[in-house]
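Asks: Sequence first, then the predicted structure, then my questions.
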Amino acid sequence: MSADMLRRWFTGAFVLLACAGAALQAQQPDSATVSGTVTNSVTGEPILRAHVALRGPAGRNGQNFAVLSDADGKFTMTPVPPGTYTLVGERIGFLSFGIGGVTVAAGDLKTDFKLKLTPTGAVSGRVLDSQGEPVQGAIVRVESSAGSQTANTDEQGRYRVFGLRPGKYRVQAKPERQGFGVEVRTDGSKDVHHAATYYSDALTRAGARLVDVTPAGELAGIDIRLAVTPVISISGRVSGLGAKQRATVEVTSAGDREDGPPAVVRADGTFLVSPVDPGKYYVVAWSGSGVNPLRSAPLEVEVAGTDIEHLELELIPAFDIAGKVVFDDPASRTPPQNAGRPTAGQGPSRVPLTRQLMLQGLPGITGTNLTAPLEDDDSFSLKKVSPGRFHVIFPWGFVRAVRVGDTETEGSILNLRGGASGPVTIYVGTLMAQISGTVTDSNGPAADARVILMSDRSEAPNIRVANTKPDGTYTFGDVPPGKYQIACVERDFYPNPTLDSALDDYAEVAQAVELRSGDKITKDLRRK
């Protein structure tokens, strides 16, 4: 093809594309325009090349729309089909900011959107050992009530954690785990064990010093000197292991400690896990996988300043259980018509509940969430269950008691530590509780505040979240009976129910409450 022919071909193609674009524009006479500005929330300056997106609900033709802001921070999106969207602004070095429920109608020209992005902060410093030498490869975790971020130290022991939301943080450093265990020093020196340490010089989360990260702030000089702790070990014996079978013992942290190193069970059934930092742990032995797995029930231990010895772990094959659900109210055997899980996008607003129950493995058991459908006579069966303790969850009621064989206990905990010891009966109640109140601060009733209702750690995990209305009121309905902690928290806070210290940051405003079936309790709260 000659150059002249090629030029004419490209010219024709461009004209066709232009006509197609004009035709497409003509086919969208009802489209809308959305525009506004993106600025730095601290300085007020415009932000260049911020990514601004309109995101429609799931199922809306799969369409999202996006542009980049110009040097003046301005953006314009057109054409935009009518609908309801979330408008989001993003930029590296800033927190994302979104406006939900943006509804545009045919022919709308919306030009007043203001996206104010908050710049993130950073924490930096060094990690040193007990002799003041830099620690390379240490893991530094900067944690807040909203989550955590990590970084590794370089050869000078330096670290920098960036992209942090403004707020208060705890900083913890832990040395890189060595591939070998306890050393016997032939030169007479002692094997030194450095434990995970919080800033400044604290072994526990409760003793950590909070640091304040400001928008666009660089909090430097947060140095941590690792604490020296005794070389502590966990040891014991594993039973139930057949000839030529191999087993492993795992030590999993029940809090903010590093897991202990796994240990291979010796031929005589004994094991030794070392070193282990002070803290709470779950100790589990396992052997095999697939068809015939063997596991022991998790054993909770607390490591302090001395070795833990003589633990007994019994390996038990996976087993089947059979049982029945007994309803306090026979009329509640089927889910209420208005019950269901919320959904997003097109289709029904709620997914109907099904007649089933779920076993949720309590801490120390992994990968053991089991679901069992209920038969017409309310019976159920589960196969390949591992030994341990489980929280029994029922979709439209609460488990008030559990019976295994001849042993009945109150609450929703199913104890199968020793395996199947008889048929299981689950007693389900439907008379829930309610708790409501008003949140106030120094200015009076607090609108759009976040309230957390969290089950006591001695109970099965249960967390509810509610936002206050314009008059500062909140309500939790259909709450299962039990012991709870309730507090007004920051908007981005979500607690870890497995930690004793989950609500430590809100101890001054958190309140304990015990709910019984049918209770309607008022509990006014104070925002921190």
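Replies: Structure's in. What do you need? Residues are numbered from 1 along each chain as shown.
Asks: Which segments of the protein make up each domain?
Replies: Dividing the chain into domains by automatic domain parsing, as the record does, gives the ranges 23-117, 121-229, 234-317, 319-342+352-429, 433-526.
Asks: SS state for the residue nearest the centre of the chain?
Replies: The chain has residue 496 as the residue nearest its centroid, 6.8 Å off, counting by C-alpha atoms, centre = their mean. Three-state call for residue 496 (DSSP: H, G, I helix; E, B strand; the rest coil): coil.
Asks: who touches it in this structure?
Replies: Residue 496 is in contact with residue 502, counting by C-beta atoms under 8 Å, 6 or more residues apart in numbering. The C-beta positions use only the backbone N, C-alpha and C, and glycine is treated the same way.
Asks: any chance of the domains of the chain in JSON lines, with mean pLDDT too?
Replies: Formatted as JSON lines, those follow (pLDDT from 0 to 100):
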{"stretch": "domain 23-117", "mean pLDDT": "87"}
{"stretch": "domain 121-229", "mean pLDDT": "89"}
{"stretch": "domain 234-317", "mean pLDDT": "89"}
{"stretch": "domain 319-342+352-429", "mean pLDDT": "86"}
{"stretch": "domain 433-526", "mean pLDDT": "88"}
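Asks: still on that earlier bit, ok, the residue nearest to the centre of the chain to residue 142 distance?
Replies: Distance from residue 496 to residue 142, counting by C-beta to C-beta, to the nearest Å: 16 Å.
Asks: Repeat that for residue 105.
Replies: Per C-beta to C-beta, residue 105 is found 45 Å from residue 142.
Asks: who's in contact with residue 413?
Replies: 362, 389-392, 402, 460.
Asks: ok, it to residue 455 distance?
Replies: For residue 413, the distance to residue 455 (C-beta to C-beta) stands at 12 Å.
Asks: Also residue 466?
Replies: Using C-beta to C-beta, we find residue 466 at a distance of 15 Å from residue 455.
Asks: of all the contacts of residue 413, which two lie farthest apart?
Replies: Maximum pairwise distance among those (C-beta to C-beta): 13.1 Å, between 362 and 402.
Asks: Quick check, residue 82 in contact with residue 30.
Replies: Yes: Residue 82 lies in contact with residue 30 (C-beta atoms under 8 Å); the separation is 6.4 Å.
Asks: anything in contact with each of these two?
Replies: Shared contacts of residue 82 and residue 30, defined by C-beta under 8 Å, 6+ apart, comprise residue 106.
Asks: contacting residues around the closest residue in space to residue 445 that isn't next to it in sequence?
Replies: The shortest distance from residue 445 to any non-neighbouring residue, by C-beta to C-beta, 6 or more residues apart in numbering, is to residue 472 (2.8 Å). Applying C-beta under 8 Å, 6+ apart, we find residue 472 in contact with 438-440, 444-447, 449.
Asks: with the residues you listed in mind, which one is nearest to residue 155?
Replies: The nearest member of the contacts of residue 472 to residue 155, counting by C-beta to C-beta, is residue 449 at 46.5 Å.
Asks: The closest one - how many residues pack around it?
Replies: 21 (other C-beta atoms under 10 Å).
Asks: Roughly how far does it sit from residue 116?
Replies: 21 Å.
Asks: which residues of the stretch 401-528 of the chain fall in strands?
Replies: Per DSSP state E, counting those that start in this stretch, the stretch 401-528 of the chain carries strands over the ranges 407-410, 413-416, 424-429, 433-441, 444-445, 450-455, 463-467, 473-479, 482-489, 511-515, 520-522, 525-526.
Asks: The protein: helices as residue ranges?
Replies: In the chain, the segments counted as helices under DSSP state H are 3-26.
Asks: Quick check: residue 415 vs residue 405, distance?
Replies: Taken as C-beta to C-beta, the span from residue 415 to residue 405 is 11 Å.
Asks: So for those two, which sits in the more crowded spot?
Replies: Set side by side, residue 415 and residue 405 show more neighbours around residue 415, with 16 against 11, by other C-beta under 10 Å.
Asks: Residues in a beta bridge with that one, which ones?
Replies: residue 389 (DSSP bridges).
Asks: In contact with it, which residues?
Replies: Taking C-beta under 8 Å, 6+ apart as the contact definition, residue 415 lies against 389, 402, 404, 409.
Asks: and if you look at residue 174?
Replies: Counting by C-beta under 8 Å, 6+ apart, residue 174 has contacts 138-139, 141, 195-197, 258.
Asks: between those residues, which is closest to residue 520?
Replies: If you rank these by distance to residue 520 using C-beta to C-beta, residue 141 comes first, at 41.9 Å.
Asks: looking at it, the closest one is touching residue 159, isn't it?
Replies: No: using C-beta under 8 Å, residue 141 is not in contact with residue 159; the gap is 10.2 Å.
Asks: quick one, which of those two is more surrounded?
Replies: residue 159 (25 against 18).
Asks: Surely that one is in contact with residue 126?
Replies: Yes: using C-beta under 8 Å, residue 159 makes contact with residue 126 at a distance of 7.3 Å.
Asks: Would you format the contacts of residue 415 as JSON lines with distance to residue 324 and neighbour count included?
Replies: Output for those, formatted as JSON lines (distance: C-beta to C-beta, whole Å; neighbours: other C-beta atoms under 10 Å):
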{"residue": "389", "distance to residue 324": "20", "neighbour count": "18"}
{"residue": "402", "distance to residue 324": "12", "neighbour count": "21"}
{"residue": "404", "distance to residue 324": "12", "neighbour count": "19"}
{"residue": "409", "distance to residue 324": "17", "neighbour count": "12"}
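Asks: Would you mind measuring from residue 230 to residue 191?
Replies: Residue 230 is 10 Å from residue 191, by C-beta to C-beta.
Asks: next one: residue 334
Replies: From residue 334 to residue 191 the distance is 63 Å (C-beta to C-beta).
Asks: Equivalent analysis for residue 119, please.
Replies: From residue 119 to residue 191 the distance is 45 Å (C-beta to C-beta).
Asks: Which one of these two is surrounded by more residues?
Replies: Remark: of residue 119 and residue 191, residue 119 carries more neighbours, 18 against 11, as counted by other C-beta under 10 Å.
Asks: ok, back up a step: would you point out the most distant pair within the contacts of residue 472?
Replies: Of all pairs in those, the most separated under C-beta to C-beta is 444 and 449 at 11.9 Å.
Asks: who does residue 54 bridge with?
Replies: residue 65, residue 87.
Asks: I'd say it and residue 34 touch.
Replies: Yes: between residue 54 and residue 34 there is a contact at 6.3 Å, judged by C-beta under 8 Å.
Asks: Overlap of the contact sets of the two?
Replies: 77, 80, 87, 102.
Asks: And the residue nearest to the centre of the chain, how far from residue 207?
Replies: For residue 496, the distance to residue 207 (C-beta to C-beta) stands at 18 Å.
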